[in-house]
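Enquirer: got a sequence here, can you build the structure:
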Amino acid sequence: MSKGFASTYRVSLLAGLTLLAYGALGARLVWLHVIDRDRLLASIEMVRHEIIPEYARRGDIQDINGALLATSVSHVRVGVDPTMVRPEDSPKWPELARLLQLPLAQVQKAVTTRYRTAAPANLVFNFAKGSSPRSEAVPAVPAGRIPTGNSPDLTIRNPLEAPLPDAEAAPESAASDENDEVLGEPDSVGRKPVQYVKLSDDVSPDVFAQILKLGIKAVYGRNVYHRQYPHNETAAHLIGYVNRMEEPASGIEDLANFFLRGQNGWVETEKDGKGHELAQFRTREVPAADGYSVVLSLDATVQRLAEDELEIINQKYHPKRATIIVSRPETGFILALANYPTFDLNHYNEVPREEMASMQNVAVSNLYEPGSVFKIVALSGALEDGLVTPDTLVDCNIDRIDYMGKTRSLLHDDQGDHFPGPIPVWKVISKSSNRGAVQLGMRLGDDRFYHYVQAFGFSEPTGFPVGGEPGPAALRRNVPQPGTRRWDDLTMTRMPAGYSVAVSPLQMHQAMSVIAAGGVMLKPQIIKQVKDSSGELVYRFDRVEERRVISEKTARLMARLLQGVASDEGTAPGAAIRENGVNYEVAGKTGTAQKPMPVTLASGKVVVRYSEHNHVGSFVGFFPASDPQVVISVVVDDADERFMGKTAYGSVVAAPSFNHLGEELIPYLAIRPPSSAQSSGRSLLALEGGRR
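Expert: This next block holds a predicted model:
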């Protein structure tokens, strides 16, 4: 029955359809919010959630005076989102390419390629886990060790006080440091939208400001830091470098990475469908913690003087390699460590393969037979044990000697001196007699001589933390030990004169430093302090005594005897330093060692023999002898080719460089003249029985 326009049937049908619609809507809401809730939330989270990294600044490396040796400079990493490119921006691409210094075709390809059919492997942003170092106090490091993240020497806490997000939780829309592209979720045909393409990661802030003025909506930038080395080649083998991935590769950069690296921060937020951040939905903001600065004991001026001296050596003699080391004898800290050849830290990746050896820190890693410099071991030991005095006579004309029941042949003397009779010990060292040094070693005997070899540090690493120092096993193989197969009947006739033993330039420098330091062996160190980003002291390294090698009395006597080497009667008068009529009492020792070289016999067999045309010349010393203030080592390898078949003696290729560098250091380091020096410039050998 119908009652007007709204019949019962029509009302029932309308009500039923309305209830059905609301029921379907309710069912859909239940499906979305209850049944399929987890899957949908995960999808939304993946699409909308975003982690924006904030990059930390890597700490500086400074010299002892605060000069920058390595620093991080702010740049802008510029990228484009092709999905956001507007047609009206097309005329701006040439100007963008010009500002980025990129080919126009490369920019056009980046902004027009919107899809990829296959994605590069794993483009997920990956945060480096760890914490930035912080300390509650300023502890010293008595052991001279570099701490790591679990070092017991330093109380470490995380200044961010918030855990870093797991790499797996980071969305695919976040760009990694080095990836050129970031891809989104695939569509129905398997194509992935290109959401980010890196155009350049080396744009200056000024240039980026000009890019922003272009008003290109799809182009954006992010602040990053690039490592720079202001002095290029200076101290390259010590400083080391970080690679293109901003990962430390060598040197202090690698050793002190715990302090230098800093800690990246991040912002957890959401973005809309167009990729714009919804700042109101930020859930966490963690600021970046900049790295600490590392202060070296290195003095950039002294380092440059040493490197300039190496260049002079190169111009004169064209050696295969050369090394200069400068240190403070009272602390053991290194002021300069220079090698030739070297390389430019800012262009480390441009070093040709055939020149890769230039990147080796030969002062620390290279082993060589030291020759006569090694004679300080036998002489120091014989004096310390009371077996000789400076006046004890030694017959250096004999070519054979009976030792331990056998007749042994002695080395010839390089200088060709034929003494009228036995000579005193002080002259044995000033004239650098091989036969005299061997007889001093024989007075000690195998075991006591080897004891002093060990005491002077020649069978163990110095512990210098950078440069690839050989390990204990490798060093022991190159230092024969009594009772072993490598200690034969010839060893004692060779080793006291610096043959049949291989050492590094730094080991020889440390051994001479024992005498300069009053008989105490000090650990050679290069890091002096660590400071936080505000310049506050966090960590410091102090003088480290390894052991007493000889008494202070013997060390003083050795210093006086070694003055004879740099006198007019010694092997290296060219090393003497006389300024304004004052003798600066240079004490040191020359070294000239034949190099073992491969020789091909007529049969085709290759054997190793000592060469008469390849030598290592050196001079290692300190001054003033009565108050040592600086130790200098000069080692020149294979300079013979410039001598027309003659020997490149240490007195010729190394001693003059010691002299020149020493003269330059006197005013710069304010080296005090010896109070006992006489204007005549005579060496002071008359100590405890010694005489000229």
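Enquirer: longest single helix anywhere in the chain?
Expert: helix 8-30 (DSSP state H).
Enquirer: ok now it, how far from the chain's centre?
Expert: How far helix 8-30 lies from its chain's middle: 78 Å, per Cα atoms, centre = their mean, to the nearest Å.
Enquirer: and what of stretch 326-345?
Expert: Distance of stretch 326-345 from its chain centroid, counting by Cα atoms, centre = their mean, is 11 Å.
Enquirer: OK, contacts around the nearest residue to residue 584 once chain neighbours are set aside?
Expert: Spatially, and ignoring its direct neighbours in sequence, residue 584 is nearest to residue 577 (4.1 Å; Cβ to Cβ, 6 or more residues apart in numbering). All C-beta atoms are positioned from the backbone trio N, CA, C, and that covers glycine. Residue 577 makes contact with 583-584, 586, 623, 659, 662-663, 666, according to Cβ atoms under 8 Å, 6 or more residues apart in numbering.
Enquirer: can you give the contact residues for the helix or strand containing residue 560?
Expert: Using DSSP states H and E, residue 560 falls within helix 552-563. Helix 552-563 is contacted by residues 376, 379-380, 383-384, 390, 425-426, 429-430, 514-519, 550, 585-589, 621-622, 625-626, 628, 683-685, 687-688, 690 when judged by Cβ under 8 Å, 6+ apart.
Enquirer: now do the buried residues in the longest helix of the chain.
Expert: By neighbour count with 16 or more other Cβ atoms under 10 Å, helix 8-30 contains no buried residues.
Enquirer: how about low-confidence regions in the stretch 1-150 of the chain?
Expert: 1-6, 40-49, 118-150 (pLDDT under 70).
Enquirer: could I get the phi/psi values of the nearest residue to residue 569 once chain neighbours are set aside?
Expert: Of all residues not flanking residue 569 in the chain, residue 430 sits nearest, at 5.9 Å (Cβ to Cβ, 6+ apart). When read as degrees, to the nearest 10, the backbone of residue 430 gives phi -70, psi -30.
Enquirer: per-residue pLDDT, residue 430?
Expert: Note on residue 430: pLDDT of 94.
Enquirer: next, count neighbours for it.
Expert: As a burial measure, residue 430 scores 25 neighbours (other Cβ atoms under 10 Å).
Enquirer: repeat that for residue 410.
Expert: Neighbours of residue 410 under the rule other Cβ under 10 Å: 21.
Enquirer: any idea how far it lies from residue 436?
Expert: 10 Å (Cβ to Cβ, to the nearest Å).
Enquirer: off-centre distance for the longest strand along the chain?
Expert: Identified as the longest strand of the chain according to DSSP state E is strand 606-623. Counting by Cα atoms, centre = their mean, strand 606-623 is centred 27 Å from the centre of its parent chain.
Enquirer: now swap in stretch 619-637 and tell me
Expert: With Cα atoms, centre = their mean, you get 24 Å for stretch 619-637.
Enquirer: buried residues in that stretch, which are they?
Expert: Buried residues in stretch 619-637, defined by neighbour count with 16+ other Cβ under 10 Å: 619-637.
Enquirer: so what strands line up beside whichever helix or strand comes after the longest strand of the chain?
Expert: Going down the chain from strand 606-623, the next helix or strand is strand 630-637, by DSSP H and E. In the sheet, strand 630-637 lines up against strand 321-327 (antiparallel), strand 606-623 (antiparallel) (DSSP bridges).
Enquirer: how about those strands, which one is nearest residue 452?
Expert: strand 606-623 (16.9 Å; Cβ to Cβ).
Enquirer: how about that closest one: buried residues?
Expert: So for strand 606-623, counting by 16+ other Cβ under 10 Å, buried means 614-623.
Enquirer: any idea of the mean pLDDT for that strand?
Expert: Computed over strand 606-623, the average pLDDT equals 90.
Enquirer: and what of stretch 501-521?
Expert: 97.
Enquirer: and what of stretch 484-492?
Expert: When pLDDT is averaged over stretch 484-492, the result is 92.
Enquirer: tell me which residues touch the closest residue to residue 191 other than its chain neighbours, please.
Expert: Nearest non-adjacent residue to residue 191, counting by Cβ to Cβ, 6+ apart: residue 115, 4.2 Å away. Listed by Cβ under 8 Å, 6+ apart, the contact partners of residue 115 are 191-194.
Enquirer: with residue 199 instead?
Expert: Residue 199 neighbours (Cβ under 8 Å, 6+ apart): 78-80, 100, 102, 107, 110, 219.
Enquirer: which ones among the residues you listed map onto strands?
Expert: Mapping the contacts of residue 199 onto strands (DSSP E) picks out 78-80, 219.
Enquirer: ok, these vs residue 202, which is closest?
Expert: Using Cβ to Cβ, these come closest to residue 202 at residue 78, 9.1 Å.
Enquirer: sorry, back to before: most neighbours among the contacts of residue 577, which one?
Expert: Most neighbours among those, by other Cβ under 10 Å: residue 623, with 31 neighbours.
Enquirer: so it makes contact with residue 582?
Expert: No - here residue 623 does not reach residue 582: they are 11.2 Å apart, not a contact under Cβ atoms under 8 Å.
Enquirer: so where's the stretch 201-350 of the chain uncertain?
Expert: 271-282.
Enquirer: now with 90?
Expert: 201-209, 211-226, 243-247, 262-289, 349-350 (pLDDT under 90).
Enquirer: where do the helices sit along it?
Expert: For the stretch 201-350 of the chain, the helices defined by DSSP state H, counting those that start in this stretch occupy 205-213, 236-239, 251-255, 257-260, 300-317.
Enquirer: how is the chain partitioned into domains?
Expert: 50-296, 300-668 (automatic domain parsing).
Enquirer: can you tell me which residues contact the most centrally placed residue in the chain?
Expert: Note on the chain: the residue nearest the mean C-alpha position is residue 251, at 1.4 Å, using Cα atoms, centre = their mean. Applying Cβ under 8 Å, 6+ apart to residue 251 gives the contacts 236-241, 361, 466-467.
Enquirer: now it: closest residue in space that isn't a chain neighbour?
Expert: Using Cβ to Cβ, 6+ apart and skipping the chain neighbours, the partner closest in space to residue 251 is residue 240 (1.9 Å).
Enquirer: so what's residue 71 bridging to?
Expert: residue 228.
Enquirer: renumber starting at 804 from here on
Expert: In the new count, where the first residue is 804, that last one comes out as residue 874.
Enquirer: look up how far residue 1086 lies from the residue nearest to residue 1372.
Expert: When residue 1233 is compared with residue 1086 (using Cβ to Cβ), they lie 78 Å apart.
Enquirer: now distance to residue 1250 too, for the strands paired with strand 1433-1440, in JSON lines please.
Expert: Below are the strands paired with strand 1433-1440 laid out as JSON lines (distance: least, Cβ to Cβ, whole Å):
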{"stretch": "strand 1124-1130", "distance to residue 1250": "31"}
{"stretch": "strand 1409-1426", "distance to residue 1250": "26"}
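Enquirer: any idea which of the ones you listed gets closest to residue 1458?
Expert: Nearest of the strands paired with strand 1433-1440 (Cβ to Cβ): strand 1409-1426, 4.4 Å.
Enquirer: tell me the angle of that closest one relative to helix 1103-1120?
Expert: 130 degrees (axes from the mean of the first three to the mean of the last three Cα atoms, to 10 degrees).
Enquirer: before we move on, the earlier item: return the most buried member of the helices of the stretch 1004-1153 of the chain.
Expert: helix 1039-1042 (a mean of 25; mean count of other Cβ atoms under 10 Å).
Enquirer: dump it to PDB, restricted to CA.
Expert: Output of helix 1039-1042 as PDB, limited to C-alpha atoms (Å, rounded to 0.1, in the frame of the first residue of the first chain):
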ATOM      1  CA  ALA A1039     103.100  12.700   4.000                       C
ATOM      2  CA  HIS A1040     104.500   9.400   5.400                       C
ATOM      3  CA  LEU A1041     103.500  10.400   9.000                       C
ATOM      4  CA  ILE A1042     100.100  12.100   8.400                       C
END
